[in-house]
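>>> Coordinates only, no sequence provided:
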């Protein structure tokens, strides 16, 4: 079943957004490989299967909503106290969420097909904006996407302990998994006439209606509104 054209509202109600870390260093055996779920996030996707280049994606993440779900490895299993300490470390020492409460992604180009696509855009973390590519596709069950972030490129110093003997790798994997059965937002058109313009803008024309209105990326800047 193909993806229907239209506007999709994204968030925890239709899928999951996960961050996965891995260990390195001489003391790696003492640490854990973490799977962290973002529990508060929201996005909006404008899909046009007939013209993928006209599609758009915007996602906002609450930086203080990271929850540790899994932590294999280590000398001892993760405890609830360990999870709370990790969450506090993320907030206060890694992402500094009091000053930078939101992480954002804005697409610039979309290419490929529903089965295999690439979304290139910009990711902003702690005020630093860098290019990034998300690769994904539709499977029989889900719509999946993955991206690799090199933390240091955003000014993030990977966590370390034991005088650096235990460190998190600079590369962090982000993945999304969305149920394929979700539908376009109510009132969304099933067919679209899109023209991508510089600055990630498009002009949408309503069939049978004179004139047009501009769909700007900044309309997606805060999907929480």
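Now that the structure is in, tell me what you want to look at. As the structure is a computational prediction, the values presented were derived from the model and not from experiment.

>>> and residue 128, what pLDDT?
On the pLDDT scale, residue 128 is placed at 97.

>>> meant to ask about residue 81
91.

>>> Likewise for residue 170?
Residue 170 is given a pLDDT of 82.

>>> what's the burial count for it?
Neighbours of residue 170 under the rule other C-beta atoms under 10 Å: 14. No exception for glycine: its C-beta is placed from N, CA and C like everyone else's.

>>> What of residue 88?
Neighbour tally, residue 88, other C-beta under 10 Å: 10.

>>> SS state for it?
Secondary structure assignment for residue 88 (DSSP: H, G, I helix; E, B strand; the rest coil): helix.

>>> Now do the same contact list for it.
Going by C-beta atoms under 8 Å, 6 or more residues apart in numbering, residue 88 touches no other residue.

>>> Equivalent analysis for residue 174, please.
Counting by C-beta under 8 Å, 6+ apart, residue 174 has contacts 17, 18, 19, 20, 146, 147, 148, 149.

>>> Tell me the most packed of the residues you listed, by neighbour count.
residue 17 (24 neighbours).

>>> what about the nearest residue to residue 6 once chain neighbours are set aside, which SS state?
Closest residue to residue 6 apart from its sequence neighbours, by C-beta to C-beta, 6 or more residues apart in numbering: residue 184 at 2.9 Å. At residue 184 the chain is in coil, as set by three-state DSSP.

>>> is it possible to export the contacts of residue 174 to JSON lines including pLDDT, secondary structure and distance to residue 122?
Output for the contacts of residue 174, formatted as JSON lines (pLDDT from 0 to 100; DSSP: H, G, I helix; E, B strand; the rest coil; distance: C-beta to C-beta, whole Å):
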{"residue": "17", "pLDDT": "95", "secondary structure": "strand", "distance to residue 122": "17"}
{"residue": "18", "pLDDT": "95", "secondary structure": "strand", "distance to residue 122": "21"}
{"residue": "19", "pLDDT": "94", "secondary structure": "strand", "distance to residue 122": "18"}
{"residue": "20", "pLDDT": "91", "secondary structure": "strand", "distance to residue 122": "22"}
{"residue": "146", "pLDDT": "95", "secondary structure": "strand", "distance to residue 122": "17"}
{"residue": "147", "pLDDT": "96", "secondary structure": "strand", "distance to residue 122": "12"}
{"residue": "148", "pLDDT": "95", "secondary structure": "strand", "distance to residue 122": "15"}
{"residue": "149", "pLDDT": "92", "secondary structure": "strand", "distance to residue 122": "12"}
